[in-house]
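# Please work out how this folds:
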Amino acid sequence: MSFKIGVNTWVWTSPLDDEALRALAPKIAGWGFDTIELPVENLGDWAPGAAKALLDDLGLTATVVLVMPPGRELVRAAPGTVASTQDYLRSCVDVAFQVGSQVIAGPAYTSVGRTWRARDEEREFDIRELRDNLLLVLEHARQAGVTVAVEPLNRYETSLLNTIGQTLEALAGLPSCGVALDFYHQNIEETDIPAAIRAANGRIAHVQVCGNDRGTPGRDHLDWRALLDALGDARYDGPLCIESFTSHNASIATAASIWRPLAASQDDLAADGLAFLKSL
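Got it, this is the predicted structure:
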């Protein structure tokens, strides 16, 4: 099957603002992307109404990704912290609705980089807490017609949800909720990525792609044909969004452990990744 292809503005900048979006969106459309992925690092960094008008003029659709820095927590946190995180996630749903995104995607459970050891019974309690604290967000998402796509991360970035299977089990039966895949993390955690994708049949709500080193799709060791075939078998019909980061921004380079350039330029990473994905 044929997928629409998008790119995250993190390839070039962080945090996104209105000026950066006005500069990036025409280039992204000109290269032939279908979708632009908009991170909500802080509410108010960019204006959803202006973004929607700009993207409509350029023929681009939008997806929205949530961001979980320290202090945004739904598990093992003080009630006030949980409440403020729920407020943030509900606001991300509102932003998605305004820009026409059908999803908000990301690790909607704990801050990235937070890990702990847990016995089986402790983990069961953590998952119950996650489900309970996510439900208020999911009800808001249901009313807005938005799906919360929960992303498993690799073992160095979380200890709660590392694999697709763990995520499916944790989210089973929750309304307006699906799983977000990021091939960077699946490359680390899954022993058979296509099989793990197929096991998520009908539950995949968003997909992010990049090379195994966070670089250009296709300039890596992943079996891309097998991955895309598995997505088709799993009935995923959303976009493939290239997510990578720039080493030129100190804060995002440190957060994403980008210590070297991953392509000749960030423009090359996006354009070459687009050309490769289209070739498939």
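# need the helix or strand of the protein with the lowest average pLDDT.
Taking all helices and strands of the chain together, the one with the lowest average confidence (mean pLDDT, DSSP states H and E) is helix 250-255, at a mean of 80.
# How far does that one sit from its chain's centre?
Going by CA atoms, centre = their mean, to the nearest Å, the spacing between the C-alpha centre of helix 250-255 and its chain's C-alpha centre is 17 Å.
# Return that helix as PDB; C-alpha atoms alone will do.
Only the C-alpha atoms of helix 250-255 are listed here, as PDB (Å, rounded to 0.1, in the frame of the first residue of the first chain):
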ATOM      1  CA  ALA A 250      22.200  22.400  22.300                       C
ATOM      2  CA  SER A 251      19.100  21.500  24.300                       C
ATOM      3  CA  ILE A 252      17.600  19.100  21.800                       C
ATOM      4  CA  ALA A 253      20.900  17.600  20.900                       C
ATOM      5  CA  THR A 254      21.500  16.800  24.600                       C
ATOM      6  CA  ALA A 255      17.900  15.500  25.200                       C
END
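# what about the strands in the stretch 51-200 of the chain?
If DSSP state E, counting those that start in this stretch is used as the criterion, the strands of the stretch 51-200 of the chain fall at 61-66, 103-106, 147-150, 177-182.
# What strands line up against the last one, and which way round?
When pairing is defined by DSSP bridges, strand 177-182 lines up against strand 147-150 (parallel), strand 204-209 (parallel).
# Quick one: mean pLDDT for the longest one?
Read that as strand 204-209. Averaged across strand 204-209, the pLDDT comes to 98.
# now do stretch 89-98
For stretch 89-98, the per-residue pLDDT values average out at 98.
# Of all the strands paired with strand 177-182, which one is nearest P261?
strand 204-209 (19.1 Å; CB to CB). (Glycine included, C-beta is placed from N, CA and C.)
# How far does the next helix or strand after that closest one sit from its chain's centre?
Past strand 204-209, heading to the C-terminal end, the next element that is a helix or strand (DSSP states H and E) is helix 224-233. Helix 224-233 has its average C-alpha position 19 Å from the chain's average C-alpha position, going by CA atoms, centre = their mean.
# how about the least confident helix or strand of the chain: buried residues?
Of the residues in helix 250-255, those scored as buried under the neighbour-count criterion (16 or more other CB atoms under 10 Å) are 252-253, 255.
# contacting residues around that helix?
Among residues not part of helix 250-255, those counted as contacts by CB atoms under 8 Å, 6 or more residues apart in numbering are 10, 14, 69, 112, 245-247, 258-259.
# Pick out the lowest-pLDDT one from the residues you listed.
Confidence by pLDDT is poorest for S247 among the contacts of helix 250-255, given 83.
# pretty sure it is touching A263, no?
No. Contact criterion CB atoms under 8 Å: S247 and A263 do not qualify, at 10.2 Å.
# Same drill for the two, tell me which one is more crowded.
The residue with the greater number of neighbours, taking S247 and A263 and applying other CB atoms under 10 Å, is A263; the counts read 18 against 15.
# could I get the strands of the stretch 51-200 of the chain as a markdown table with distance to D213?
Shown next, in a markdown table, are the strands of the stretch 51-200 of the chain (distance: least, CB to CB, whole Å):
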| stretch | distance to D213 |
| --- | --- |
| strand 61-66 | 20 |
| strand 103-106 | 21 |
| strand 147-150 | 24 |
| strand 177-182 | 14 |
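# For L54, which of those is the nearest?
The closest of those to L54 is strand 61-66. By CB to CB, the value is 9.9 Å.
# For the strands paired with strand 177-182, could you give me CSV that also reports mean neighbour count?
Shown next, in CSV, are these (neighbours: other CB atoms under 10 Å):
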stretch, mean neighbour count
strand 147-150, 27
strand 204-209, 26
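# for the ones you listed, which one sits closest to S91?
strand 147-150 (12.8 Å).
# contacting residues around the closest one?
89, 93, 102-109, 134, 137-138, 141, 161, 167, 170-171, 176-180, 205-206.
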